[in-house]
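> got a sequence here, can you model it:
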Amino acid sequence: MDVKQVLKEMIENPSVSGFESSMANRIEAYLKDITDNIKRDKLGNLIAYKKGTAKNPIKIMLAAHMDEIGLMVKDIDKNGFIKVTNIGGVDQRTLLAQEVIIHGKKDLFGVIATKAPHLQTPEERKSAVAIEDLLIDIGLTKEEAEQFISIGDPITINRQMIPLLGDTIAGKALDDKAGIAAMIECFRELKKINHQCDVFGVATVQEEVGTRGAIVSTFGISPHIGIAVDVGFGKTPELSKDDTLELGKGPGITLGANIHPKIHKRFKEIAKEYNIPFQIELSPGNSGTDAQSMQITQSGVATGVLSIPLRYMHTSVETINLQDIKNTGRLLAYFIASLDDEDLEGFLCF
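Predicted coordinates for the structure are as follows:
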């Protein structure tokens with residue numbers, strides 16, 4: 001199955017933070033034939049393991065989060081309208097007029113509604129509707145709705161993958177299902193490559209609400225090196241080139257306080273050696289990825305971040321280039337293979 005089909009299936013499979021089990025099942029199906037062992041921990045992280053050839057191998061952990069932002073049922077009013085709250089960093093300005101799916105006892109379709117502009121005051125038309133004032137109309141009475149919906153049920157935007165021109169696609173939750181796809185590409189490449197490292201590929205949970213999955217999975221694995229595979233802000237006309245990554249020009253190799261400089265340097269060397277396009281992403285403080293939790297787990301982990309360029313983050317039309325995902329997977333695989341016969345202490349010393 002190619003990367004485009006994998007992404008299509010993952011986009012259409014809901015995985016709001018705290019409700020990732022169905023997504024984990026799908027990812028396991030992609031990885032079972034290209035890894036040696038797959039397990040889940042108590043928080044729900046999916047951990048795929050591929051053994052290296054060394055007697056005392058370096059342990060490297062790849063982390064890409066499988067959760068997505070979404071909404072949650074907060075109340076059902078007397079007329080059957082659904083009130084909501086957010087899970088993760090939802091921008092309520094993007095929600096009006098969206099089609100949604102409420103994942104209750106059965107999936108129910110609805111639309112996010114507000115007063116028609118003709119009935120709004122001039123002041124109301126000037127400001128965004130607060131999330132507590134949004135309502136979902138499912139077309140049922142309160143009594144009918146309560147047969148299928150409970151307080152706390154997750155809600156996702158009803159959006160399928162949209163093929164654009166060239167190798168570009170759009171859809172929801174590409175943050176960070178694009179990272180999951182890159183990790184799958186990495187394991188596919190590793191099937192063809194001799195590598196001495198033991199590789200742990202973790203589809204983490206609850207990144208969007210505090211990188212919780214990365215905290216517990218890193219503690220359990222205790223890796224020597226941890227690499228977060230996530231998305232970075234894609235360039236659009238109104239954004240500075242210095243703060244963004246361009247689609248189609250390869251992954252961003254992150255540099256900053258959350259990153260071990262030797263890992264950053266090695267990624268650049270490997271990219272040049274194998275003619276893999278790349279960009280430099282600056283992250284002076286917290287990278288905002290699973291790497292922030294990996295780095296400070298137990299006595300500390302040497303971390304790196306690869307960022308796949310993505311436009312319109314945390315909207316239902318996140319946009320990405322498929323070649324960037326493939327190149328991210330290749331770069332990860334060749335980086336892992338380059339650690340053969342390494343003196344780990346020498347490699348990681350500052």
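> would you check that K106 makes contact with S150?
No: K106 is beyond contact range of S150, at 11.9 Å (criterion: CB atoms under 8 Å). In short, each C-beta sits where N, CA and C put it, glycine included.
> what's the following helix or strand after the helix or strand containing F233?
Per DSSP states H and E, F233 falls inside strand 225-233. Using DSSP H and E, the helix or strand that directly follows strand 225-233 along the chain is strand 252-256.
> run through who's touching that next one.
Defining contact as CB atoms under 8 Å, 6 or more residues apart in numbering, one finds that strand 252-256 is touched by 232, 245, 261, 264, 267-268, 271, 278-285, 287, 291, 304-309.
> which outside residues touch the following helix or strand past it?
Downstream of strand 252-256, the first helix or strand assigned by DSSP H and E is helix 261-273. Contacts with helix 261-273, where a contact means CB under 8 Å, 6+ apart, come from 225, 227, 250, 253-255, 276-278, 302-304, 306, 331, 334-335, 338, 347-350.
> is the closest residue in space to G179 that isn't next to it in sequence in a helix, a strand, or coil?
Nearest non-adjacent residue to G179, counting by CB to CB, 6 or more residues apart in numbering: A64, 3.3 Å away. State at A64, reduced to three classes by DSSP: H, G, I helix; E, B strand; the rest coil: strand.
> which residues of the stretch 101-250 of the chain fall in strands?
Using DSSP state E, counting those that start in this stretch, the strands assigned to the stretch 101-250 of the chain run over residues 107-113, 135-137, 154-157, 162-163, 168-171, 198-204, 225-233.
> out of these, which comes closest to L7?
Shortest distance between L7 and the strands of the stretch 101-250 of the chain, using CB to CB, is found for strand 168-171: 6.7 Å.
> that closest one: partners in the sheet, and parallel or antiparallel?
Partners of strand 168-171 in the sheet, by DSSP bridges, are strand 162-163 (antiparallel), strand 318-321 (antiparallel).
> picking that back up, among the contacts of helix 261-273, which ones are in helices?
Judged by DSSP state H, helices contain the following of the contacts of helix 261-273: L331, Y334, F335, S338, F347, L348.
> out of those, who has the most neighbours?
L331 (27 neighbours; other CB atoms under 10 Å).
> hang on, isn't it packed against S307?
No: using CB under 8 Å, L331 makes no contact with S307, being 11.5 Å away.
> please parse the protein into its domains.
3-68+172-348, 71-157 (automatic domain parsing).
> would you turn those into TSV with mean pLDDT and distance to G166?
Converted to TSV, the domains of the chain look like this (pLDDT from 0 to 100; distance: least, CB to CB, whole Å):
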stretch	mean pLDDT	distance to G166
domain 3-68+172-348	95	8
domain 71-157	93	25
